[in-house]
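**Student:** next input, structure requested:
(one chain, ligands or ions: 1)
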Amino acid sequence: MHAVEANFDGLVGPTHNYAGLSYGNVASSKNQQVASNPKEAALQGLAKMKALHDMGFVQGVLAPQERPDINTLKRLGFSGSDTHILALAAKTDPVLLTSCYSASSMWTANAATISPSSDTLDGKIHITPANLVNKFHRSIEPETTARILQAVFNDNQYFHHHPPLPAVDVFGDEGAANHTRLCNDYDDAGLELFVFGRYGLSPEKSAPCRFPARHTYEASTAIARLHGLTLEQTLFIQQNPDVIDQGVFHNDVIAVGNRNVLLFHEQAFLDKKELLNKLYHFFHDKPFYPIEVSSNFVSVKDAINTYLFNSQLLSLTNEEMAIVVPEECLHNNAVKHYLSELISADNPINKVLNFNLKQSMQNGGGPACLRLRVILTPEELGAVNPHCILNEFLYSKLTNWVNKHYRNQLTIQDLSDPSLLHETQLALDELTQILQLGSIYPFQRN
Ligand SMILES: NCCC[C@H](NC(=O)CCC(=O)O)C(=O)O
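**Tutor:** Numbers count the residues shown, from 1 in each chain. All right, here's what the predicted structure looks like:
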């Protein structure tokens, strides 16, 4: 048996809401204050996981984080009972309260960067949780993310866990949303493509002017060093600052790769020529399919509105791939037309699978944002916490759990309701038992 690509999707947490916290992420700003439906959000995510499991893919589940994050509110000076803390934060600093209530850990592409054992010097899988320093509501994720990843990949014979990079702007790290790995077979050593938005230590170099570039060159090179990747196996490429300024806050909003296919918008990278030269060199006599999408077919605006590139490319066989897109792609004529051309053209992608992920999409997260990819050999897969791998039984347990505990409407005003805190703690406590994660949440450890 060969190595496989497993996708670990984030289970949407019970406090999913639209708080407009992500400046530079168009959907997040646009939907600020819209009422959310946490139950529907979680079920939409689970439906995608189940469909891919049913097609034979290895599908994992990553638990959400404890929200509201009472410990962070305490760190910031709020004191008294939990109920008092929530009431006081709602009154004096509502934005801080929404930050501590965000279910943003659902986008597990931002949880970490992972290098498979076939790429690393010591032959282990290397995992570094992203520090997510650019957005306060996300910067409070890494500590619990690290605990969750350790509980899932809990065998140090196979998995090497690093701490997140220093939590400063110079090392701004957004994880796998800016990391793609190209290879022939999943077993083979691959080329790890790190895409960054700016230079942390050389601010005079080209950078966006309007929206923040969340990820730095220094973060990418540090991860490559930590993971024991050789120079020949890594590529550091700058994202085009102009597209960041149009709302492409992560590279996975404008490019996606799998094995020998790289699907990208013509405006995605600052130096496309250098990238393609290096990729052709890497694949030399083996087939390589760079699929460049011209602005004449799909504008950057359409790419952002539909999340065409925030798709998953999944290998159906050695030669064939499916593209997993959000339903929004089929509601846009240019993108719909492009997809039909794509699957009939001479490349491995020959099937479109679409999912309704509207609840996540309204916060700027598509199919690719919701998953963290891990290449696993059969032995490594055997060492993963089996209770976090989806099967019929786990799917039905999780859907029952969601139906039992989640609300079907949440507004920003609801966040000061103390019963929401108790509901979420009860739900998460039960979840740690279902997924057999141990006491990963601060409220279970205080
Ligand atoms: N990879 C997709 C990440 C989407 C995420 N959205 C958010 O956090 C929106 C939260 C809010 O506005 O309520 C982000 O921008 O990091």
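**Student:** do a quick rundown of the strands in the stretch 251-400 of the chain.
**Tutor:** Ranges of strands within the stretch 251-400 of the chain are 255-258, 261-265, 289-293, 312-315, 321-326, 349-355, 371-376, based on DSSP state E, counting those that start in this stretch.
**Student:** now do the contacts for whichever residue of the stretch 201-350 of the chain sits closest to the ligand.
**Tutor:** Per CB to the nearest ligand atom, the residue of the stretch 201-350 of the chain with the smallest distance to the ligand is His250, at 5.3 Å. Bear in mind the C-beta positions are built from the backbone N, C-alpha and C, glycine included. Counting by CB atoms under 8 Å, 6 or more residues apart in numbering, His250 makes contact with 109-110, 174, 177-178, 214-215, 369.
**Student:** can you tell me which of these is nearest Tyr441?
**Tutor:** Within these, distances to Tyr441 taken as CB to CB reach their minimum at Asn110, with 19.3 Å.
**Student:** phi, psi for the closest residue to the closest one other than its chain neighbours please.
**Tutor:** Spatially, and ignoring its direct neighbours in sequence, Asn110 is nearest to Gly175 (4.6 Å; CB to CB, 6 or more residues apart in numbering). Taking degrees, to the nearest 10, you get phi 70, psi -150 for the backbone angles of Gly175.
**Student:** distance of Gly175 from Val152?
**Tutor:** Counting by CB to CB, to the nearest Å, the gap between Gly175 and Val152 amounts to 15 Å.
**Student:** any idea of the pLDDT on the closest residue to Ala109 other than its chain neighbours?
**Tutor:** With sequence-adjacent residues excluded and distances taken as CB to CB, 6+ apart, Ala109 is closest to Ala177, at 4.4 Å. At Ala177, the predicted lDDT confidence score is 98.
**Student:** repeat for the one 4 residues further on
**Tutor:** Residue-level confidence at Arg181 comes out at 98, pLDDT.
**Student:** got the residues of the stretch 151-300 of the chain near the ligand?
**Tutor:** Taking CB under 6 Å from any ligand atom as the criterion, the neighbours of the ligand within the stretch 151-300 of the chain are 177, 249-250.
**Student:** so which of the residues you listed sit within strands?
**Tutor:** With strands identified by DSSP state E, none of the entries of those belong to them.
**Student:** centroid-nearest residue for this structure?
**Tutor:** Of all residues in the chain, the one closest to the mean position by CA atoms, centre = their mean is Ala109, 1.7 Å from it.
**Student:** closest to His137 out of the strands of the stretch 251-400 of the chain?
**Tutor:** Set against His137 and scored by CB to CB, the strands of the stretch 251-400 of the chain come closest in strand 371-376, at 19.0 Å.
**Student:** and the gap between the residue lying farthest from the centre of the chain and Leu370?
**Tutor:** Distance from the centre of the chain peaks at Gly80, with 35.0 Å (CA atoms, centre = their mean). Applying CB to CB, the value for Gly80 to Leu370 is 36 Å.
**Student:** before we move on, what about Lys50?
**Tutor:** 13 Å.
**Student:** likewise for Val248?
**Tutor:** Using CB to CB, Val248 is found at 18 Å from Leu370.
**Student:** can you check Ala27 too?
**Tutor:** Taken as CB to CB, the span from Ala27 to Leu370 is 14 Å.
**Student:** try Ala89
**Tutor:** Using CB to CB, one obtains 28 Å as the distance from Ala89 to Leu370.
**Student:** same check, this time on Ser206
**Tutor:** Remark: distance between Ser206 and Leu370 (CB to CB) = 31 Å.
**Student:** quick one, which of these two is more surrounded?
**Tutor:** The residue with the greater number of neighbours, taking Ser206 and Leu370 and applying other CB atoms under 10 Å, is Leu370; the counts read 28 against 13.
**Student:** surely the more buried one touches Gly10?
**Tutor:** Yes: taking contacts as CB atoms under 8 Å, Leu370 lies within contact range of Gly10: 5.8 Å.
**Student:** circling back: give the contact list for the residue farthest from the centre of the chain.
**Tutor:** For Gly80, the contacting residues are Leu88, taking CB under 8 Å, 6+ apart as the criterion.
**Student:** how about the residue lying closest to Gly20 once chain neighbours are set aside, phi and psi?
**Tutor:** Among residues not flanking Gly20 along the chain, Gln32 sits closest, at 2.6 Å (CB to CB, 6+ apart). The phi and psi torsions at Gln32 (degrees, to the nearest 10) take the values phi -50, psi 130.
**Student:** burial of Gln32, as a residue count?
**Tutor:** 15.
**Student:** same check on Glu319?
**Tutor:** 9.
**Student:** what of the one 3 residues further on?
**Tutor:** By other CB under 10 Å, the residues close to Ala322 number 21.
**Student:** distance of it relative to Leu235?
**Tutor:** As for Ala322, its distance to Leu235 is 26 Å (criterion: CB to CB).
**Student:** interface residues of the stretch 1-150 of the chain facing the ligand?
**Tutor:** 18-22, 25, 28, 102, 104, 107, 109-110, 135, 138.
**Student:** how does it look with 8 Å?
**Tutor:** On the criterion CB under 8 Å from any ligand atom, the ligand has as its neighbours in the stretch 1-150 of the chain the residues 17-22, 24-25, 27-29, 31-32, 98, 102, 104, 107, 109-110, 132, 135, 137-138.
**Student:** wait, Val325 sits on Leu308?
**Tutor:** Yes: counting by CB under 8 Å, Val325 touches Leu308, with 6.5 Å between them.
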